[in-house]
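**Q** Build me a model from this:
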Amino acid sequence: MARTFVSREIFPEYIEKIEEETDAEVWKDELPPPRDTLLEKVRGIDGLLCLLTDGIDGELMDAAGRQLRVISQIAVGYNNIDIPEATRRGIPVGYTPEALTQTTADATLALMLTAGRRVTESERAVRAGKWRTWHPLHYLGQDLYGATLGIIGMGRIGLEVAKRGLGFDMKILYYDIAPREDLEADYPLTFVDLDTLLRESDFVSLHTVLDESTHHLISDDAFSKMKSNAVLVNAARGPIVDPAALHRALTGGQIAAAGLDVTDPEPIPMDDPLLTLDNCVIVPHIASASVATRREMSRISATNLLNGVRGERLLTCVNPEVYDR
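**A** Residues are numbered from 1 along each chain as shown. Reported below is the predicted structural model:
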């Protein structure tokens, strides 16, 4: 029977399927396995189901051994995995790209509304006994309706955010490595350069991948070009935003507010100055955290794992070129 290691608990019905078909060990702690523990747990396994918090590199693949047949990640991102190294070894890498698109887009709109309309700040004021009366100048925020939404990264999630923005009669600008003429034929989207997007957008929403070109893409220079009433939302990857620059922008009045589903580092340290700001909404990487979506992510990642150990093609594969060998 094939051996597998699952680095965090997923929906129990899919743990059961994995345990029915493989000799499985499941890491049940809330926190990820420490590096040395992970290296020990993967020894001799045929398949690994992992998370973004696990560093999957050549050292780990060596520790697992040459019999490792599949790496299945329960996430849409995979920057924690050395994909070229896995490909070189002929190991298919699974991920869950389609499952969380709609849910993440919903969460992005929630962050826009929450940060833009100062929801958490005013809610905390109520609980602190500061709501003394209705006042025409209290807790003034930013309207979504009729505003300009700038989307950086017009992929699956970016498009769904744009479609939701159109429901608020927002003007949609986007920046990507190239214009998406296929999408512009069906939706009123306008491709612009990054500087134009930053200058003209009331809301800036990040949906790009994290790589060397996007690391700290939003830094002091970017904030200097944004409107003072602008709201930044990041539901992509934390390091796309320079946290020190974000703090300066929020305290210096360069932008009005920010809504973060992800941080740099993650989780955010409790002494991070961003946590002291009323105009910075931070939630713990919950953009995909609906019951239906996390169940579907569990299904796909478990299926990818089991298909891989059987030698079958994965449902969703980052590096399908391994099948052409």
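**Q** who are the neighbours in contact with the most centrally placed residue in the chain?
**A** Nearest to the mean C-alpha position of the chain, by C-alpha atoms, centre = their mean, lies Ala236 at 3.8 Å. Applying C-beta atoms under 8 Å, 6 or more residues apart in numbering to Ala236 gives the contacts 153, 206-210, 262. Yep, even glycine has a C-beta here, placed from its N, CA and C like the rest.
**Q** Just say helix, strand or coil for it.
**A** Secondary structure assignment for Ala236 (DSSP: H, G, I helix; E, B strand; the rest coil): coil.
**Q** Now it: closest residue in space, sequence neighbours ignored.
**A** Distance criterion C-beta to C-beta, 6 or more residues apart in numbering; nearest residue to Ala236, sequence neighbours excluded, is Leu206 at 4.6 Å.
**Q** Please give the number of neighbouring residues around Ile81.
**A** 26 (other C-beta atoms under 10 Å).
**Q** is it true that it touches Gln73?
**A** Yes: taking contacts as C-beta atoms under 8 Å, Ile81 lies within contact range of Gln73: 6.5 Å.
**Q** what touches both of the two?
**A** 50, 93.
**Q** Where do the helices of the protein begin and end?
**A** 12-21, 35-41, 58-64, 83-88, 101-116, 119-127, 156-167, 181-184, 194-200, 220-225, 243-251, 291-310 (DSSP state H).
**Q** got JSON lines for those, with mean neighbour count, distance to Ile282 and mean pLDDT too?
**A** Shown next, in JSON lines, are the helices of the chain (neighbours: other C-beta atoms under 10 Å; distance: least, C-beta to C-beta, whole Å; pLDDT from 0 to 100):
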{"stretch": "helix 12-21", "mean neighbour count": "15", "distance to Ile282": "30", "mean pLDDT": "98"}
{"stretch": "helix 35-41", "mean neighbour count": "14", "distance to Ile282": "26", "mean pLDDT": "98"}
{"stretch": "helix 58-64", "mean neighbour count": "18", "distance to Ile282": "30", "mean pLDDT": "98"}
{"stretch": "helix 83-88", "mean neighbour count": "16", "distance to Ile282": "29", "mean pLDDT": "98"}
{"stretch": "helix 101-116", "mean neighbour count": "22", "distance to Ile282": "10", "mean pLDDT": "98"}
{"stretch": "helix 119-127", "mean neighbour count": "14", "distance to Ile282": "9", "mean pLDDT": "97"}
{"stretch": "helix 156-167", "mean neighbour count": "21", "distance to Ile282": "19", "mean pLDDT": "98"}
{"stretch": "helix 181-184", "mean neighbour count": "12", "distance to Ile282": "31", "mean pLDDT": "96"}
{"stretch": "helix 194-200", "mean neighbour count": "17", "distance to Ile282": "22", "mean pLDDT": "98"}
{"stretch": "helix 220-225", "mean neighbour count": "17", "distance to Ile282": "17", "mean pLDDT": "98"}
{"stretch": "helix 243-251", "mean neighbour count": "19", "distance to Ile282": "10", "mean pLDDT": "98"}
{"stretch": "helix 291-310", "mean neighbour count": "21", "distance to Ile282": "20", "mean pLDDT": "98"}
